[in-house]
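Asks: How does the following fold in three dimensions:
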Amino acid sequence: MITIDSLTRVYGGFRAVDDVTFTAEPGRVTGFLGPNGAGKSTTMRVLVGLTPATSGSATVCGADFRDLPNPARQVGVLLDASAQHAGRTGREILTIAAQTIGMPTSRVAQMLELVSLTPTEADRRVRGYSLGMRQRLGIAAALLGDPEVLILDEPANGLDPAGIRWMRDLLRGFAAEGGTVLLSSHLLGEIEVVADDIVVIGHGRIVAQGTKTELLAGAGTVVLPAAPTDLDRLRRVLSDAGLAVVGGDADAGLRVEGEPADVGRAAHAADVPLARLAPADGAGLEDMFLQLTADTQRESAPTLTATTRPQGAAA
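Replies: Have a look, this model is predicted:
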């Protein structure tokens, strides 16, 4: 289990993490979401003893990480897949790690097979690894000590779709056996698929947390009129019925704060034929994330002008 309690980390006058509190429970995958610079990595670094807390606490397996007698036997950590000795082979890195934490070297072959690194790849120097191969090696190292907790920062970076699915199944299997998983990722779709619980952070503060079901319960409804010319009329009908339209267009449909049954009744009463009426689950996590972290986003809807349009591009 992971427990973060009123955690704060200040650099000079900058509060990178500000009074953060949440837990990651055994048997569950907890997704940790936030824009770049929101405080995810700092929180994880404090949790694994790499950065001291200014105040508050972060414990894993009921203790400060630095007080665990042999941390790798209880906690598997992957924060930076590139932080591996480039001059050693993958097999050497795992063998040295196994000897350091008191695991039999036979565990090395088991982990290499688990993460699908072939014998040829395992005997190649890490400087020749792709990012995806480094991620697989990092996951193998995290699992080497047969831990009860996994702490992973962006583990899907560099993995192809098959690799991402493999990782998803691996994490779900780990949690199903009673393990605790804290997973930081910007791949919202993957978090939506694999996570049981979600914690959203922005500007160093928790802006939302709960089970995935709870957080996505208000995702709303997507509705599309059969005739594109009815879009504005449908928007007015829904507004008159007290159903807030929060976005959408003639191609994707309108996103409405309300249940599909209520939206359908309003459209039927106004005699507006519908081509689509469905829960807005598909983009639920992405919309929730963008709404909750709107004031932390660097991007806004761009508009190409004469000065920003590439030369030769059509208007």
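Asks: for the residue lying closest to residue 260 once chain neighbours are set aside, which residues make a bridge with it?
Replies: The shortest distance from residue 260 to any non-neighbouring residue, by C-beta to C-beta, 6 or more residues apart in numbering, is to residue 221 (4.8 Å). Heads up, the C-betas are built off the backbone N, CA and C, glycines and all. When bridges are taken as DSSP bridges, the partners of residue 221 come out as residue 256, residue 279.
Asks: ok, now which ones touch residue 221?
Replies: Counting by C-beta atoms under 8 Å, 6 or more residues apart in numbering, residue 221 touches 255-256, 258-260, 263, 277-280.
Asks: From these, pick the one nearest residue 28.
Replies: Using C-beta to C-beta, the shortest approach to residue 28 within those belongs to residue 279, at 23.5 Å.
Asks: if I read this right, that closest one contacts residue 261, doesn't it?
Replies: No - with the criterion set as C-beta atoms under 8 Å, residue 279 and residue 261 do not qualify as a contacting pair; they are 10.6 Å apart.
Asks: which residues does the residue nearest the centre of the chain contact?
Replies: Averaging the C-alpha coordinates of the chain gives a centre point, and the residue nearest to it by C-alpha atoms, centre = their mean is residue 185 (3.0 Å). By C-beta under 8 Å, 6+ apart, the contact list for residue 185 reads 31-33, 154-156, 191.
Asks: need the residues you listed in a markdown table with pLDDT, can you?
Replies: Written out in a markdown table, the entries for the contacts of residue 185 read as follows (pLDDT from 0 to 100):
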| residue | pLDDT |
| --- | --- |
| 31 | 94 |
| 32 | 94 |
| 33 | 89 |
| 154 | 88 |
| 155 | 88 |
| 156 | 85 |
| 191 | 80 |
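Asks: count of residues packed around the nearest residue to residue 58 once chain neighbours are set aside?
Replies: Here the nearest residue to residue 58 in space, its sequence neighbours aside, is residue 47; by C-beta to C-beta, 6+ apart that works out to 4.4 Å. Applying other C-beta atoms under 10 Å, we find 27 other residues in the vicinity of residue 47.
Asks: Residue 2 is in contact with residue 47, correct?
Replies: Yes - taking C-beta under 8 Å as the contact criterion, residue 47 and residue 2 are neighbours in contact, 6.8 Å apart.
Asks: Can you give me the distance of the residue nearest to residue 58 to residue 23?
Replies: Plainly put, residue 47 is 12 Å away from residue 23 if you go by C-beta to C-beta, to the nearest Å.
Asks: do residue 280 as well
Replies: Taken as C-beta to C-beta, the spacing of residue 280 relative to residue 23 amounts to 29 Å.
Asks: Which one's more surrounded, the two?
Replies: Counted by other C-beta under 10 Å, residue 280 and residue 23 do not tie: residue 280 has more neighbours, with 23 against 17.
Asks: Setting the sequence-adjacent residues aside, check what's closest to residue 7.
Replies: With C-beta to C-beta, 6+ apart as the measure, residue 56 is the residue that lies nearest to residue 7, at 3.9 Å, once sequence neighbours are left out.
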